[in-house]
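1. pasting the structure only:
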């Protein structure tokens, strides 16, 4: 959403003020020039002022170069790039938006037309940016209640239900949370808020309560910390639910209901005995925050003097029925911390780290929808759909009555492999969770297994051999890109200009594969990287970039880079050799360019301003180019 208007001339009023500090909403320092261009860094607030008095900015865009690109502005003497940062001396300066701010000119030289009037226009834009970004309860954020103050106790049935819901959600939404919060607030503010809450709240009470050491002694594996970080990420994101599009209240304000609802699209089509109906509804979009936020539509005239591309607020975190990660937030408000060591999930009292409840990974796996789900009727008919792994969903899909004439069953791998669904030729077993009805016979079992063979032939029609070969032969040494490789990078950047890599997922692009097969393929990718490179693709790339820049990346920038590497796009490329693929752009796989770079030994990444190609086990940066320069090639 963009607001557009021009600052009218008030030269008589502002004559002679060019070199003076402007006092707006506190105190503000005058411009500084001759420093390293601030556009090379993530610095909020970033804007561009034009010769005719317009100011361009967008919430979530933290570089002047990003603003230039967003609004297709000329990058010459007709524009001046600016950053305005807090100048309050606080440890976390962005937590004090009402203090002084300092303007810096991100240019080596400034044109003659740039004046005090231009600066005033920029500070007016800053006030509108603050009204857009600081639409969350900052006081509540800075003073959250301490769950370790709650005396140790046993979880209620509601707590256990929430615990299971959190496990089912995956347990670590850090990347998704930071992507949505960073998109609304910008990387600078989001990163500082994360650091504040993590350092001053989460780590503090964890250490005081000794939860971390208790958890480590109990479980002894390194991924415990990652699970706790995931719960913290959910808690962090809850403060910005209204701003990023997530609906509902939050536990710290007493409004969180705890049930993290979801409105998944309903599958289309029906049939039986192997009938496959593709498709699926879309997730509902998020609501834009009302306070200080624009409505929908194109450029509009508005008071305030700023061309504003405010965030749309339509992010994947908006789920009908409450904040998407509300289960984790409510558990914290009830005094519980979650941990997992891959064998057991545990619920700990925050007060002392004691284990209040535990669930084995095997029990969780048994509860999940898996593999080939099927309904068999009393008269021997079978009902299934590729990609639907729940008997309850099949009952709804085919409008089957719960009158005792139908039995739910599944067929799952029985091979003891680490990635069981990637070995379809090894043994499988029939699983019936409920008691078999009296009418069930050998004939019904034969019908189920016949349907299973049809399903297996249908879903395993993809390049399994190529998949294993690629990951068994990962590029260990860095390779230099050719002109052809750089051309592919340019093509990928054009398809994916924000770098967020609309990654392939089974629901969106491969509904016939199903979550079980897809999850095993994704896990195999990450484990193959860990074995060959010592870490997953995202961290490999980030560490290579840090070595190249000789600095440490901010967590928010790490998340942006990690979300751009496109490992799901690579996995999806092995599933596209079939007419069953549900393409989003005609019959072409939209992520093939990204996957091709991977197969040539490169991982493309984007940090908001710069594209890079990384290669080899250390993630060596072998090519770097700004988005602007790449577009001009």
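-> Yep, it's here. Quick caveat, the model's predicted, so the values are computed rather than measured.

2. and this protein, what are its domains?
-> 2-134, 140-266+280-289+308-365, 370-460, 465-632 (automatic domain parsing).

3. for this protein, which spans come out with low pLDDT?
-> By pLDDT under 70, the low-scoring segments of the chain are 1-42, 170-172, 204-227, 244-322, 341-342, 361-362, 364-369, 500-509, 556, 577-588.

4. repeat the analysis, applying 50 as the threshold.
-> 1-41, 209-210, 218-224, 246-321, 584-585 (pLDDT under 50).

5. excluding sequence neighbours, find me the nearest residue to residue 562.
-> residue 538 (3.2 Å; Cβ to Cβ, 6 or more residues apart in numbering). From N, CA and C alone the C-beta is placed, and that goes for glycine too.

6. picking up where we left off before, save the domains of the chain as TSV, and put in mean neighbour count too.
-> Converted to TSV, the domains of the chain look like this (neighbours: other Cβ atoms under 10 Å):
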stretch	mean neighbour count
domain 2-134	18
domain 140-266+280-289+308-365	20
domain 370-460	17
domain 465-632	18
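
7. which of the three states applies to residue 358?
-> strand (DSSP: H, G, I helix; E, B strand; the rest coil).

8. might you report the residue contacts of it?
-> Neighbouring residues of residue 358 by Cβ atoms under 8 Å, 6 or more residues apart in numbering: 344-347.

9. which residues in the stretch 301-450 of the chain form strands?
-> Assignment of strands within the stretch 301-450 of the chain using DSSP state E, counting those that start in this stretch yields the ranges 307-309, 336-340, 344-349, 355-360, 372-377, 382-383, 406-413, 428-431.

10. quick one: which of those strands is nearest residue 109?
-> strand 307-309 (24.0 Å; Cβ to Cβ).

11. test my guess that residue 105 contacts residue 79.
-> No - using Cβ atoms under 8 Å, residue 105 is not in contact with residue 79; the gap is 11.5 Å.

12. do a quick rundown of the strands in the stretch 101-250 of the chain.
-> With DSSP E, counting those that start in this stretch as the criterion, the stretch 101-250 of the chain has strands spanning 101-105.

13. ok, back up a step: the residue nearest to residue 562 contacts residue 566, correct?
-> No - using Cβ under 8 Å, residue 538 is not in contact with residue 566, being 10.2 Å away.

14. circling back: dump the contacts of residue 358 into JSON lines; add distance to residue 83 as well.
-> Formatted as JSON lines, those follow (distance: Cβ to Cβ, whole Å):
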{"residue": "344", "distance to residue 83": "48"}
{"residue": "345", "distance to residue 83": "45"}
{"residue": "346", "distance to residue 83": "45"}
{"residue": "347", "distance to residue 83": "45"}
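
15. residue 605 falls within a strand, correct?
-> Yes - checked against three-state DSSP, residue 605 lies within a strand.

16. now it, which residues is it bridged with?
-> residue 612 (DSSP bridges).

17. show me what contacts it?
-> Residue 605 neighbours (Cβ under 8 Å, 6+ apart): 499, 541, 545, 561, 564-565, 611-612, 614.

18. correct me, but residue 151 touches residue 351?
-> Yes - taking contacts as Cβ under 8 Å, residue 151 lies within contact range of residue 351: 6.1 Å.

19. joint contacts of the two?
-> residue 335.

20. sounds good, over and out.
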